[in-house]
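1. output the structure for:
(one chain, ligands or ions: 1)
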Amino acid sequence: MPPLITREEALELGKIEDHAEIEKLVERAWRVRLERFGDSTDLCSLVNAKSGGCAEDCGFCAQSRYASADTPMHPMMEPEQILEHAKAAEAAGAHRFCMVTQGQGLSKRDFEKILEGARLVAEHTNLKRCVSIGHISPERARKLKEAGVQRVHHNVETARSYYPEVSTTVRYEGRLRTIQAVKEAGLETCVGGILNLGESPEQRVEMAFELAELNPTSVPINLLNPRPGTKFGDRPLMDPWEAVKWIAIFRLILPDALFRLCGGRNENLGLGEFQKLAVKAGLNGVMMGNFLTTLGSDPAWDRKLFTDLGLNVWRQPDNGSNPRPDNRSGWLEGETPRTPIDDLIDSQSEAPLWNPARQLRRRKKRYVPPRPDGAPNRGLRVVQVEPERERAATA
Ligand code: SF4
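-> From the prediction side, this is the model:
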């Protein structure tokens, strides 16, 4: 379905500052979301299966070798470790599980581990399988499909016209090639980016319309969580009303996409009503558990964002966000096996979700090469919300 608003209308909506007007816009996006998807949700969770020491220079990323932040580092996980985190994600109530690695190309050995991880997750859980492993050739895309991967994540990150500010070593055109290879292999695509990298409102609209042209199944939106020691490390957080407004605008431009909010949502929106308002602005899901190098929320809290609005976080009939098992015999005949998702956990402490704070070895960098674009690394203040501690402090 084409965008429901024109570029000009999107730009006009982007100028709204009055909160009551933003609430009206949210109501409009909410109706669009309900019409397309009813009460269904599409919740995902991830594992950072290989972290740190990345050769690329993405300005938002602490994993880049050009970032002066201490780098969380670990080599490729074994497939069994990936499975352990997947089982925890399923217990948290996630419908899908994404295996993520740093960088733009995996070695043959590491790629095999991702394939084996995907097979194990398919065999032992009811989670849908996604990967985010950088550039992918058509041949690798086919192998991923054979291993049971259903969706590949590969962001455009920002508008094409702003992209040179974000990365000089990863080409925008290369991103488009990977997205094409993934589509040609018959896999679903998950393509989005990050808001608040310094792009203008025009560039936000440009990005949303570029995404509409790519027509991905899923669109993840991140709100920049400025990591200290990165190129964008001193950027101010986004005003929460502004963030909610742009989520609603993206929903109107991308009416059919499975739309999810990922990194930076706790830092930019806080742990109160703004996240619920963001869901109302058109989200199908959020990233549950933790993010690649930062912490997320407790599963019960994330599920409540949706259930408080009358949305269903459980298994539902197939509607594109269907978390029903597709990997166990018998389900097509209607038999739904009992799975860990029947006994959801409430807090992160109940299952070994991916947790960058606990699991990463942090290594001081001895040498940080200058960024290829000459920009300095910025920001000394660590912006990281730890939901449990924050809630205890305000209780
Ligand atoms: S975003 Fe990915 S490719 Fe870019 S620096 Fe970070 S890990 Fe590397």
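2. might one say that G117 is in contact with I82?
-> Yes - applying Cβ atoms under 8 Å, one finds G117 in contact with I82, separated by 3.7 Å. Using the backbone N, CA and C atoms, a C-beta is placed for each residue, glycine as well.
3. the more surrounded of those two?
-> Applying other Cβ atoms under 10 Å to G117 and I82 shows that G117 carries more neighbours, namely 28 against 22.
4. contacting residues around the more buried one?
-> The contact partners of G117, taken as Cβ atoms under 8 Å, 6 or more residues apart in numbering, are 49, 77, 79, 82-83, 99.
5. sorry, back to before: name the residues contacting each of G117 and I82.
-> Common neighbours of G117 and I82 (criterion: Cβ under 8 Å, 6+ apart): 49, 99.
6. contacts only, for E157.
-> E157 neighbours (Cβ under 8 Å, 6+ apart): 58, 60, 163, 166-167, 175, 193-194, 197.
7. on the pLDDT front, check R363 for me.
-> You'll see R363 listed with a pLDDT of 60.
8. I meant to write G103 there.
-> At G103, the pLDDT recorded in the model is 87.
9. now do M77
-> Per-residue pLDDT puts M77 at 94.
10. likewise H95?
-> pLDDT, read off for H95, is 88.
11. residue contacts, the residue nearest the centre of the chain?
-> Compute the mean C-alpha point of the chain, and by Cα atoms, centre = their mean the closest residue is C262, 4.3 Å away. Taking Cβ under 8 Å, 6+ apart, we find C262 in contact with 192, 220-222, 286-287, 291.
12. hmm, which of those residues are the buried ones?
-> Burial by neighbour count, judged by 16 or more other Cβ atoms under 10 Å, picks out 192, 220-222, 286-287, 291 from these.
13. what helix or strand is M73 on?
-> Per DSSP states H and E, M73 falls inside strand 71-73.
14. can you check G59 too?
-> Per DSSP H and E, G59 falls between elements, in no helix or strand.
15. and for it, the neighbour number?
-> If we define neighbours as other Cβ under 10 Å, then G59 has 28 of them.
16. now for the top helix by length along the chain, which elements pack on it?
-> Scanning the chain for the helix with the most residues, using DSSP state H, yields helix 19-37. Helices and strands touching helix 19-37, by 3 or more Cβ pairs under 8 Å, 6 or more residues apart in numbering; DSSP states H and E, are helix 240-253, helix 273-280.
17. the shortest one to helix 19-37, inter-axis angle?
-> For helix 273-280 against helix 19-37, the angle by axes from the mean of the first three to the mean of the last three Cα atoms, to 10 degrees is 40 degrees.
18. again with the longest one
-> With the same axes, to 10 degrees as the basis, helix 240-253 and helix 19-37 are set at 40 degrees to each other.
19. same for helix 240-253, what does it pack against?
-> helix 7-14, helix 19-37, helix 201-214, strand 218-223, strand 258-261, helix 265-269, helix 273-280.
20. restricting to C-alpha, output the third one in PDB.
-> By that I understand helix 201-214. This file holds the C-alpha atoms of helix 201-214, laid out as PDB (Å, rounded to 0.1, in the frame of the first residue of the first chain):
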ATOM      1  CA  PRO A 201      13.100  17.100   9.200                       C
ATOM      2  CA  GLU A 202      13.300  17.000   5.400                       C
ATOM      3  CA  GLN A 203      15.800  14.200   5.600                       C
ATOM      4  CA  ARG A 204      13.500  12.300   8.100                       C
ATOM      5  CA  VAL A 205      10.800  12.500   5.500                       C
ATOM      6  CA  GLU A 206      13.300  11.500   2.800                       C
ATOM      7  CA  MET A 207      14.300   8.400   4.700                       C
ATOM      8  CA  ALA A 208      10.700   7.400   5.400                       C
ATOM      9  CA  PHE A 209       9.800   7.600   1.700                       C
ATOM     10  CA  GLU A 210      13.000   5.800   0.700                       C
ATOM     11  CA  LEU A 211      11.900   3.000   3.100                       C
ATOM     12  CA  ALA A 212       8.400   3.000   1.500                       C
ATOM     13  CA  GLU A 213      10.100   2.400  -1.900                       C
ATOM     14  CA  LEU A 214      12.100  -0.500  -0.600                       C
END
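21. okay, buried residues for it please.
-> For helix 201-214, by 16+ other Cβ under 10 Å, it's 203-212, 214.
22. ditto for the longest one
-> Taking 16+ other Cβ under 10 Å as the basis for neighbour counts, the residues of helix 19-37 that come out buried are 22-23, 25-26, 28-30, 32-33, 36-37.
23. what of the first one?
-> The neighbour-count criterion (16+ other Cβ under 10 Å) identifies 10, 13-14 as the buried residues of helix 7-14.
24. understood, closing this out.
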